[in-house]
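Enquirer: predicted structure and sequence below. I'll ask about it afterward.
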2 protein chains.
Amino acid sequence: MAEDLLDAALLEFAAHGFEGTSTRQIARRAGWHQPQINYHFESKEALWQAAVDKLFAELASTTADLFSGPPSDLAGAFAEGIRRFVAFSARRPELFRIMSLESTADSERLDWIAERHIRPRFEIIRDAWERLRATGVGATIDGVTAYQLIVGFGSFPFANSPAVRRLTSLDMSNPAAVSGHADALIALLLPEHRDLPGASARRNEPGSTDRIA
Amino acid sequence: MAEDLLDAALLEFAAHGFEGTSTRQIARRAGWHQPQINYHFESKEALWQAAVDKLFAELASTTADLFSGPPSDLAGAFAEGIRRFVAFSARRPELFRIMSLESTADSERLDWIAERHIRPRFEIIRDAWERLRATGVGATIDGVTAYQLIVGFGSFPFANSPAVRRLTSLDMSNPAAVSGHADALIALLLPEHRDLPGASARRNEPGSTDRIA
DNA sequence: GTCTATAATTAGATAGAC
DNA sequence: GTCTATCTAATTATAGAC
């Protein structure tokens, strides 16, 4: 099944980079034989593109409905978007890893991923943030900085979970750690939001580790 | 000169990962012949360790004096530490790139870098933050989260500067962008700090692009 | 210490039997 | 479509002349 191979490719590319990953490793992980990759995909590069397309399609499906309706509660939609993005980063740390790997040096892969996948999401988030700020809500940072905070800080502990585990014995795949991190990010971006009705009810549920001191 | 080779190694390892970097690329960048690397270093792995040691020595030299004196102005020392770390991340984006590359999968290199370099710095920052919070100052986040905010958000736009450039035409190597990003991070962590004497004088200097909206 | 040549291994991709 | 065998090129590392 091609889905299995794409998932294996995402894990390997995210862990070792494009050049550092061999198609044999990917095939072995998925239970394929290496030449099957070149039968089903034009090249290693085409396999990478197909895997990245799948990853961003998964992300899109978790946030598609957020900014489609009327902007009656933009702050609430923003907070919900952050919760979903943080949860997705925990489930799919490959997203941030591959974005980071490809964002550090000029390359054709960066051109491709920036224009095809990152730019549309970046512009939606930046513009939504600036509309929100225009209503007087939110931390006093601009849209570009808010995007960097959401993506950089929101994904960081999940993309680096093996390092986090070594330094703290925290398990970032724990659902309480995931929602706690989302709450911390929301508190930084939307300091007023914890006072809004129903905003942070989940923070006080039993069993949730409250990362807010 | 061995310094030149280690700098070349850092750039290549940071851009392509350990497995994705060939010793020939490194040698070519530094003007060496490939077999010289194996004469001066035991292996590709030993070269990587020497390069990472050099990188963290540079970081240590920029922050060595910060927490040594009496903790009379812990918030001020914290803000100054953030400014220096952000400036270092801009000058040496290889630090964050290599940390991220090695923090995503279990490996002997992660064991080595986590214990030798990351843990000591993590514990200093986490503990300093919790002492600061005990005085009632600072955002309501715990020490682990503060560390993730400083490292993740503080380094993100510099480690990903080629992507930032594509999306925004911002040049993150611009000194105003560097100090603006440090100010944004300080404002998130230490909301009270902008009111302290001399805290953010540089933000209002002519020519500085104020990223605070 | 430096350099050319090369050994031993592995990479992406293809040929061709089935 | 699958699988074995293999091609060409690139990899890390070493041998040995200078």
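Expert: All right, it came through fine. Numbers count the residues shown, from 1 in each chain, chains lettered A, B, ... in the order given.
Enquirer: low-scoring stretches of chain A, by residue?
Expert: A:1, A:67-71, A:194-213 (pLDDT under 70).
Enquirer: where along it do the helices fall?
Expert: A:2-20, A:23-30, A:34-40, A:44-63, A:74-91, A:94-102, A:108-113, A:119-134, A:143-148, A:154-159, A:161-168, A:175-189 (DSSP state H).
Enquirer: out of these, deepest packed?
Expert: helix A:154-159 (a mean of 27; mean count of other C-beta atoms under 10 Å in any protein chain shown). Yep, even glycine has a C-beta here, placed from its N, CA and C like the rest.
Enquirer: for that helix, name the packing helices and strands.
Expert: helix A:74-91, helix A:94-102, helix A:175-189 (3 or more C-beta pairs under 8 Å, 6 or more residues apart in numbering or on different chains; DSSP states H and E).
Enquirer: I figured residue A:33 hits residue A:27, correct?
Expert: Yes: contact status for residue A:33 versus residue A:27: in contact at 6.0 Å, counting by C-beta atoms under 8 Å.
Enquirer: closest point of chain A to DNA strand D, which residue?
Expert: residue A:35 (3.8 Å; C-beta to the nearest atom of the strand).
Enquirer: check the burial of residue A:139 by counting its neighbours.
Expert: Other residues within reach of residue A:139, judged by other C-beta atoms under 10 Å in any protein chain shown, total 21.
Enquirer: sorry, back to before: right, so of the helices and strands packed on helix A:154-159, which gets closest to residue B:56?
Expert: helix A:94-102 (19.8 Å; C-beta to C-beta).
Enquirer: ok, the nearest residue to residue A:130 once chain neighbours are set aside - contacts?
Expert: Of all residues not flanking residue A:130 in the chain, residue A:143 sits nearest, at 4.5 Å (C-beta to C-beta, 6 or more residues apart in numbering or on different chains). Contact analysis of residue A:143 by C-beta atoms under 8 Å, 6 or more residues apart in numbering or on different chains lists A:125-127, A:129-130, A:133.
Enquirer: closest to chain B out of those?
Expert: residue A:133 (6.1 Å; C-beta to the nearest C-beta).
Enquirer: look up how far residue B:43 lies from the residue nearest the centre of chain A.
Expert: With distances taken as C-alpha atoms, centre = their mean, residue A:89 lies nearest the centre of chain A, 3.9 Å away. Computed as C-beta to C-beta, to the nearest Å, the residue A:89 to residue B:43 distance reads 35 Å.
Enquirer: break chain A into its domains for me.
Expert: A:1-51, A:65-204 (automatic domain parsing).
Enquirer: so residue A:102 versus residue B:11, what's the distance?
Expert: 16 Å.
Enquirer: who in chain A is up against DNA strand C?
Expert: Contact residues (C-beta under 7 Å from any atom of the strand) of chain A with DNA strand C: A:21-25, A:34-35, A:37-39, A:43-45.
Enquirer: closest one of the residues you listed to residue A:177?
Expert: residue A:21 (28.3 Å).
Enquirer: what's near enough to touch the closest one?
Expert: A:9, A:12-13, A:15, B:19-20.
Enquirer: so how far is residue B:91 from it?
Expert: From residue A:21 to residue B:91 the distance is 30 Å (C-beta to C-beta).
Enquirer: what does residue A:36 give?
Expert: For residue A:36, the distance to residue B:91 - C-beta to C-beta - is 46 Å.
Enquirer: what does residue A:140 give?
Expert: When residue A:140 is compared with residue B:91 (using C-beta to C-beta), they lie 27 Å apart.
Enquirer: which one of the domains of chain A lies closest to residue B:185?
Expert: Short answer: domain A:65-204, nearest of those by C-beta to C-beta, at 9.0 Å.
Enquirer: give me phi/psi at residue A:105?
Expert: phi -150, psi 150 (degrees, to the nearest 10).
Enquirer: quick one: stretch A:53-72 near chain B?
Expert: No: for stretch A:53-72, no contact with chain B is found by C-beta under 8 Å from any C-beta of the partner chain; the gap never falls below 14.6 Å.
Enquirer: next one: that stretch to chain centre, how far?
Expert: 12 Å (C-alpha atoms, centre = their mean, to the nearest Å).
Enquirer: now what about it, what contacts it?
Expert: Outside stretch A:53-72, the residues touching it (C-beta under 8 Å, 6+ apart) are A:3, A:6-7, A:10, A:77, A:80-81, A:84-85, A:87-88, A:92, A:94-95, A:98, A:117, A:121, A:124, A:128, A:131.
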